[in-house]
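Novice: Could you look at this predicted model? Sequence included:
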Amino acid sequence: MAYSMAVLLGRAIPDMYDGLKPAQRRVLQTMYEEGLSPEKRYVKCARVTGLTMGYYHPHGDCYGTLVNMATPWNNNVPWVDGHGNFGSTVDGPAAARYTECKLRPSAVSLLLQNSRQWEVRPNYDGSRNEAVRFNTAVPSVLLNGDSGIAVGFATKLAPHNLRELVEACKLANSSTRGKVKIEDAYQKLVPDFPTGCDIVNDEGLRNYIRSGSGSIRLRARMEVTESEKVRGKTKNRITFTNLPPGANPEKLGEQIKDALEKGKLDGISEILDESDLSGDRLTVVTKPGVEVGNLSRQLYAYSDLDTNYSAKTLVIDGVKPVELSPFEVCQKWFQWRMGLLERVFVAERDSVEVRLEVVTGLLKAISKIDQVIRLIRESESKKEALVKLVDRPLKFTRGQAEAILDMRLYQLTTLDGADLEEEQEGLKKRLSELETLIQIPEERAKHIQAQMAELAKRHGEARRSSLVDPPAQAATPSRSPGAKPPTGAPKPRFVKVDFRKGVVEQVKGPRGALVVENKEKLICLTEAGLLRKVPATFKGPIATSFGPLTLVKKESEVSQRKYLSVFELEGSLKAVVLDGSDLCKCTSKGKSWLPEGAKLVHFGENSFTVPWSSSRKRKLELTLSTVKAGKPGSKGIKIAELKDVEPGG
C-alpha cells in the first residue's frame with residue numbers, strides 16, 4: 001500500500017488543480033527559478049535536466065518529460081519553448097546536450113503566477129523548498145491531456161480547447177449557485193486534440209462527457225483528388241491529414257502494406273508519405289477505376305486512421321485518486337481557485353497596507369522635513385532617532401520611522417510629494433478593491449472569470465478537432481429473408497462440386513494467393529467475379545481492384561473439378577456450375593463469366609440459405625453454415641448430394 005501511494009502521488013497521476021505530475025512540476029520550477037523567462041536566451045536542455053535532478057528529482061533523467069512539454073503535437077498549449085531537433089511523431093529528439101529551451105509565455109501566465117504564494121514542502125534532502133502545486137489560472141489538467149499507469153490505477157486524460165474550458169468554468173460556477181443546468185456545459189467539454197483529428201459524435205463521446213470515462217472515436221481527415229487517367233479510367237489520390245494521436249505516416253503505411261499482403265485491401269498502386277513542417281500527410285494512390293468510397297472505408301477499418309481513445313479522467317485530489325467527469329473537474333477547480341485567491345488577496349492586502357503606511361509617513365516627513373533632519377542629526381544612534389521619531393511631536397509609527405531611517409539623507413531631501421501622493425491614491429484604491437474581493441465571493445468569481453477570459457484571448461486558439469457524424473458502414477450483399485448480416489471482416493469460403501464423389505462441398509478459402517509449390521499457377525476468384533491466373537513464384541497480394549480473393553487453388557487441382565459459384569442478380573441469389581478446365585483458360589488480365597450487373601457472393605461468418613432448382617423439379621434449400629470447413633485445399637464438408645443440384649444453374 002505504501003508503494004502504491006508513492007507511485008500514485010509521486011510519479012504517475014497528475015494533480016487535479018495544476019494538472020502536472022511531480023516530474024513536470026519540478027522541471028518547470030527549475031526553469032522558473034533559473035530565470036529562463038520567454039524574453040531571455042535559450043539554454044541547453046542538459047543544464048535544465050541536470051539542475052532539476054540535483055535540486056528536486058534524483059530519481060532519474062527527466063529529459064523526456066521536458067521534451068513532451070515542448071512538442072506541439074502532444075499539447076494544445078505547450079509550456080516549454082524548444083530550440084533544436086525535438087523530433088517528430090516518427091523520430092525521437094536529439095540528445096539533451098544538443099537542444100535548448102526556455103519557458104513559453106503561456107507557462108508564465110497560466111501556471112507560474114503568485115510564486116510567493118505557492119504551497120511548498122522541503123525537497124528530498126531538505127536543502128530547498130519544492131512546490132506542491134502551482135497556482136494555475138485555468139484548469140490545465142484538462143488542457144493538454146496526459147496518461148499514466150500506477151499500481152492498481154491508470155489515467156488517460158483527453159485534451160480540451162482553452163477557450164472552451166474558460167466558458168465551461170463560467171457555467172460550472174453558475175451551476176453551483178443553481179443558475180445553470182449541468183447539461184448546458186456539455187457542449188463546451190468536447191475534447192480538442194492537438195493534431196486536429198475528427199471526433200465521431202457517438203455514444204462513447206457522450207459517455208466521456210457525462211462520466212469522464214469513455215471510448216472516443218477519432219478519425220483522420222480525408223481529401224480525394226484526381227491524379228491521372230489510364231485507358232479512360234481515373235486514378236485518384238486519397239490524402240489523409242490531421243491524424244489521430246499516436247498515429248504517424250510511417251506506422252500507417254506499414255499497416256496498409258500488411259493489409260495488402262494479407263489480401264484484406266486491394267486497388268492501391270502507391271503509398272506516399274508527404275509529411276513536412278506543416279504536419280503529417282499520408283497519400284494513397286489508387287489503381288485506375290477503383291471506387292474510392294469502398295477503398296477509403298477499408299483503409300479506415302484496417303489501420304489507425306480510425307481509432308479509439310480510451311479516456312479516463314483519474315486525478316489526484318489532495319492525497320487520494322478520484323475519478324471525475326470533466327464538468328466535475330471544472331467545478332472543483334473553480335472552488336479551489338476561489339479559496340486560493342482569497343489567501344493571495346489577503347497576503348497582497350497586508351503588503352499594500354504596509355506600503356501605504358510607509359508612503360503616508362514619507363508624505364508627513366516631507367511636510368516637516370527640516371524638523372525630521374534636525375532630529376536625526378541630533379541623535380547619537382539609530383535607536384535613539386527611532387524613539388524620537390515615534391514620540392511627540394512627530395508621532396510616526398514604528399514602520400514609518402524605520403522606513404525614514406533606512407533612507408539616505410539625499411533620498412529623503414529629494415522626495416517628490418506629487419509622486420508619493422499619486423502612489424498613495426493608487427494604494428488606497430487597490431486596498432479597497434482587495435477588501436471587496438476578499439469579503440464578497442461573487443466579486444472574486446467575476447475577477448477569476450475576467451482573468452481567465454483575458455488569458456484565453458491571449459493564449460487560446462480556435463478549435464482544431466471537428467465533430468463528425470458516425471461514418472456509414474460499407475454495403476453488404478443482399479441475403480435471403482431471415483438471414484443475419486455478416487459482422488466484422490468475413491472469413492471467405494467457397495463451395496465446390498466434386499463429380500467424382502457426387503457431393504457439394506464447402507471449403508475454407510484464404511484472403512489472397514498462397515504459393516504452395518513451384519511450377520504451378522494459381523486460379524483466383526475475386527468478389528466481382530474476375531478470374532486471375534498468377535505464377536507460383538508470385539509474392540504478395542494479387543493485383544486486383546475488386547476486393548478480397550475468395551478462391552485460391554493450384555491450376556492442376558482446379559482443372560480436375562467443377563465449381564459451384566453463387567452470385568446476386570436483380571435482388572435474388574443464383575448459381576452456376578463451372579468446369580475447372582474452363583477456369584484454367586482465363587487470361588492474365590482476368591476473364592469475367594458473371595452476367596452483367598451480377599455480384600459474386602462469398603460465405604462469411606454468418607450462415608444463410610440459398611434456394612436451388614433441383615434435377616427432380618422440386619425446390620431444395622441449402623444452408624451454407626459457419627461450420628468449420630478445414631484448411632484451404634482440404635476435402636471440405638459435405639453439404640448436399642450432387643444429384644439434387646441442376647448443373648448449369
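Specialist: Noted; the coordinates are in hand.
Novice: do you know how far Gly10 is from Leu112?
Specialist: According to CB to CB, to the nearest Å, Gly10 stands 21 Å off from Leu112. Using the backbone N, CA and C atoms, a C-beta is placed for each residue, glycine as well.
Novice: Same drill for the two, tell me which one is more crowded.
Specialist: Leu112 (22 against 14; other CB atoms under 10 Å).
Novice: next helix or strand past the helix or strand encompassing Arg237?
Specialist: Per DSSP states H and E, Arg237 falls inside strand 233-241. Using DSSP H and E, the helix or strand that follows strand 233-241 towards the C-terminus is helix 249-261.
Novice: Please identify the buried residues of stretch 107-120?
Specialist: Of the residues in stretch 107-120, Ala107, Val108, Ser109, Leu110, Leu111, Leu112, Gln113, Gln117, Trp118 count as buried by neighbour count, 16 or more other CB atoms under 10 Å.
Novice: Number of residues surrounding the residue nearest to the fifth one when sequence neighbours are not counted?
Specialist: Here the nearest residue to Leu111 in space, its sequence neighbours aside, is Phe134; by CB to CB, 6 or more residues apart in numbering that works out to 4.9 Å. Counted with other CB under 10 Å, the neighbours of Phe134 add up to 25.
Novice: Likewise for Thr234?
Specialist: Here the count is done by other CB under 10 Å, and Thr234 has 14 residues near it.
Novice: is it true that it touches Glu291?
Specialist: No - Thr234 lies out of contact with Glu291 (CB atoms under 8 Å); the separation is 10.8 Å.
Novice: hey, where'd the strands end up in the stretch 201-350 of the chain?
Specialist: Ranges of strands in the stretch 201-350 of the chain, per DSSP state E, counting those that start in this stretch, are 213-219, 221-230, 233-241, 268-273, 281-286, 306-312, 314-317, 320-323.
Novice: Give the other helices and strands that the third one contacts.
Specialist: Right, strand 233-241. Here strand 233-241 touches strand 221-230, strand 281-286, helix 292-301, going by 3 or more CB pairs under 8 Å, 6 or more residues apart in numbering; DSSP states H and E.
Novice: of all those, which gets the most neighbours per residue?
Specialist: strand 281-286 (a mean of 21; mean count of other CB atoms under 10 Å).
Novice: contacting residues around that one?
Specialist: Contacts with strand 281-286, where a contact means CB atoms under 8 Å, 6 or more residues apart in numbering, come from 220, 227, 235-241, 243, 249, 252-253, 256, 267-275, 292, 295, 299, 545.
Novice: Kindly present the buried residues of stretch 107-120 as TSV, with separate columns for distance to Asp350 and secondary structure.
Specialist: Converted to TSV, the buried residues of stretch 107-120 look like this (distance: CB to CB, whole Å; DSSP: H, G, I helix; E, B strand; the rest coil):
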residue	distance to Asp350	secondary structure
Ala107	28	helix
Val108	25	helix
Ser109	25	helix
Leu110	26	helix
Leu111	25	coil
Leu112	22	coil
Gln113	18	coil
Gln117	12	helix
Trp118	17	coil
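Novice: out of those, who's nearest Asp370?
Specialist: Taking CB to CB as the measure, Gln117 is the one of these closest to Asp370, at 42.6 Å.
Novice: thought that closest one was touching Val132?
Specialist: No - in this structure, Gln117 is not within contact of Val132 by CB under 8 Å, at 11.8 Å.
Novice: Enumerate every residue touching the residue nearest to Leu111.
Specialist: Contacts were defined as CB under 8 Å, 6+ apart; by that measure Phe134 touches Asp18, Leu20, Arg25, Leu28, Leu111, Leu112, Gln113, Trp118.
Novice: now the residues you listed as a markdown table including distance to Gln331 and pLDDT?
Specialist: Listed next are the contacts of Phe134 as a markdown table, based on distance: CB to CB, whole Å; pLDDT from 0 to 100:
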| residue | distance to Gln331 | pLDDT |
| --- | --- | --- |
| Asp18 | 17 | 92 |
| Leu20 | 20 | 94 |
| Arg25 | 23 | 95 |
| Leu28 | 26 | 97 |
| Leu111 | 21 | 93 |
| Leu112 | 24 | 92 |
| Gln113 | 21 | 87 |
| Trp118 | 23 | 91 |
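Novice: and of the strands of the stretch 201-350 of the chain, who's closest to Val90?
Specialist: Here strand 268-273 is closest among these (CB to CB), at 8.9 Å.
Novice: Could I get the buried residue list for stretch 342-360?
Specialist: Val344, Phe345, Glu348, Arg349, Val352, Arg355, Leu356, Glu357, Val358, Val359, Thr360.
Novice: tell me which of the residues you listed is nearest to Leu205?
Specialist: So of the buried residues of stretch 342-360, ranked by how close each gets to Leu205 (CB to CB), first place is Val344, at 36.9 Å.
Novice: ok, the closest one touching Glu119?
Specialist: No - with contact defined as CB under 8 Å, Val344 and Glu119 do not form a contacting pair (11.6 Å).
Novice: okay if I get the helices and strands packed on strand 233-241 as CSV plus distance to Val138 and mean pLDDT?
Specialist: Output for the helices and strands packed on strand 233-241, formatted as CSV (distance: least, CB to CB, whole Å; pLDDT from 0 to 100):
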stretch, distance to Val138, mean pLDDT
strand 221-230, 28, 85
strand 281-286, 32, 93
helix 292-301, 35, 90
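Novice: Make TSV out of the ones you listed and add distance to Leu420.
Specialist: Below are those laid out as TSV (distance: least, CB to CB, whole Å):
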stretch	distance to Leu420
strand 221-230	62
strand 281-286	63
helix 292-301	71
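Novice: Just want the phi and psi numbers for Arg133.
Specialist: Dihedral angles of Arg133 (phi, psi; degrees, to the nearest 10) stand at phi -160, psi 150.
Novice: List the contacts of the nearest residue to it once chain neighbours are set aside.
Specialist: Closest residue to Arg133 apart from its sequence neighbours, by CB to CB, 6+ apart: Asp18 at 4.5 Å. By CB under 8 Å, 6+ apart, the contact set of Asp18 is Arg25, Leu111, Arg133, Phe134, Asn135, Thr136, Ser140, Val141.
Novice: Could you dump those residues into CSV and include distance to Tyr32 and secondary structure?
Specialist: Shown next, in CSV, are the contacts of Asp18 (distance: CB to CB, whole Å; three-state DSSP):
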residue, distance to Tyr32, secondary structure
Arg25, 10, helix
Leu111, 9, coil
Arg133, 14, strand
Phe134, 9, coil
Asn135, 12, coil
Thr136, 13, coil
Ser140, 15, helix
Val141, 19, helix
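Novice: And these, which two are furthest apart?
Specialist: For those, the farthest-apart pair by CB to CB is Asn135 and Val141; their separation is 14.0 Å.
Novice: Which helix in this structure has the most residues?
Specialist: Using DSSP state H, we find that the single longest helix of the chain is helix 326-367.
Novice: got the angle between the next helix-or-strand element following it and helix 326-367?
Specialist: Where DSSP H and E defines the elements, the next helix or strand beyond helix 326-367 is helix 369-378. Relative orientation of helix 369-378 and helix 326-367, computed by axes from the mean of the first three to the mean of the last three CA atoms, to 10 degrees: 80 degrees.
Novice: residues of helix 369-378 that come out buried?
Specialist: Val372, Leu375, Ile376.
Novice: Of the contacts of strand 281-286, keep whichever come out buried.
Specialist: 220, 227, 235-241, 243, 249, 252-253, 256, 267-268, 271, 275, 292, 295, 299, 545.
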